Structure formats: structure tokens, C-alpha cells
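Participant: got a structure for you, letters missing:
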């Protein structure tokens with residue numbers, strides 16, 4: 001199962017958020033064997049950027065682990081508004 005989590009970040013908070021988020025993702029990748037990434041849309045609108053965290057091949061229960069890690073790192077204060085999670089699974093090949 002792959003997770004794609006998007007949210008908005010105020011331009012003024014982007015420089016502070018990026019290294020904290022990278023550290024959290026590195027820790028989660030090492031501890032849980034997931035591949036992680038961080039993306040953002042080019043440009044901004046009304047002073048807000050849209051960011052996306054990507055977690056591939058997540059184990060069962062990873063969403064709860066991610067929520068705990070986010071709270072422990074104090075990243076929610078640098079995010080503007082809610083986080084939106086999309087879940088995707090691989091398509092099984094036809095036999």
C-alpha cells in the first residue's frame with residue numbers, strides 16, 4: 001500500500017519544515033523499510049505552497065505510526081490546514 005499525503009504550507013514556514021520533515025521521513029524509512037519522498041507543486045497561491053509526502057510499500061498500521069511521528073516531531077504547527085491522505089495499491093496483473 002502506498003500513501004500520498006498532501007497539504008498546504010505557508011511560504012514563510014517552508015524553510016523550517018523541509019529539514020524537519022526530511023529527518024522524520026529518514027527515520028521512518030530506516031525503522032519500517034518504506035521508501036519515502038517529498039514533492040511540492042511549483043509556485044504558490046495566496047502565499048501557500050502545496051506539498052506531498054509519499055510513502056511506498058508501507059506495512060500494516062503505518063498510518064498510525066506516521067501520525068505519531070508527525071506529532072512527536074511537532075510538524076503540525078508548520079502545516080496550514082488539514083492533511084489529506086490518499087491510499088493506492090498495486091494493480092494485480094491479469095493471468
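Facilitator: Looks like it came in fine. These numbers were taken from a predicted model, which means no experiment stands behind them. Residues are numbered from 1 along each chain as shown.

Participant: Show me where this structure has its strands.
Facilitator: 2-10, 35-40, 48-56, 80-88 (DSSP state E).

Participant: and the closest residue to residue 43 other than its chain neighbours, what is it in contact with?
Facilitator: Nearest non-adjacent residue to residue 43, counting by C-beta to C-beta, 6 or more residues apart in numbering: residue 49, 7.9 Å away. The way it works is simple: take the backbone N, C-alpha and C, and place the C-beta from them, glycine included. Applying C-beta atoms under 8 Å, 6 or more residues apart in numbering to residue 49 gives the contacts 8-11, 14, 40-41, 43.

Participant: now do 10 Å
Facilitator: When contacts are counted by C-beta atoms under 10 Å, 6 or more residues apart in numbering, residue 49 touches 7-11, 13-14, 17, 40-43, 80.

Participant: Looking at those residues, which is nearest residue 73?
Facilitator: residue 17 (10.0 Å; C-beta to C-beta).

Participant: Below-threshold pLDDT in the protein: ranges please.
Facilitator: 95 (pLDDT under 70).

Participant: by how many degrees do the helix ranked longest in the chain and strand 2-10 diverge?
Facilitator: Of all segments of type helix in the chain, defined using DSSP state H, the longest is helix 11-32. Computed by axes from the mean of the first three to the mean of the last three C-alpha atoms, to 10 degrees, the angle separating helix 11-32 from strand 2-10 equals 160 degrees.

Participant: neighbouring contacts of helix 11-32?
Facilitator: Residues contacting helix 11-32 (C-beta under 10 Å, 6+ apart): 9-10, 34-38, 40, 44, 46-49, 51, 53-59, 61-62, 65-66, 69-70, 72-75, 77-80.

Participant: Let's see that with 7 Å instead.
Facilitator: 9, 34-36, 38, 44, 47, 49, 59, 62, 65-66, 69, 73, 75, 78 (C-beta atoms under 7 Å, 6 or more residues apart in numbering).

Participant: Buried among those? Need that as a selection in ChimeraX.
Facilitator: Applying 16 or more other C-beta atoms under 10 Å to those, the buried members can be selected in ChimeraX as follows:
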select :9,34,36,49,62,65,66,69,75,78
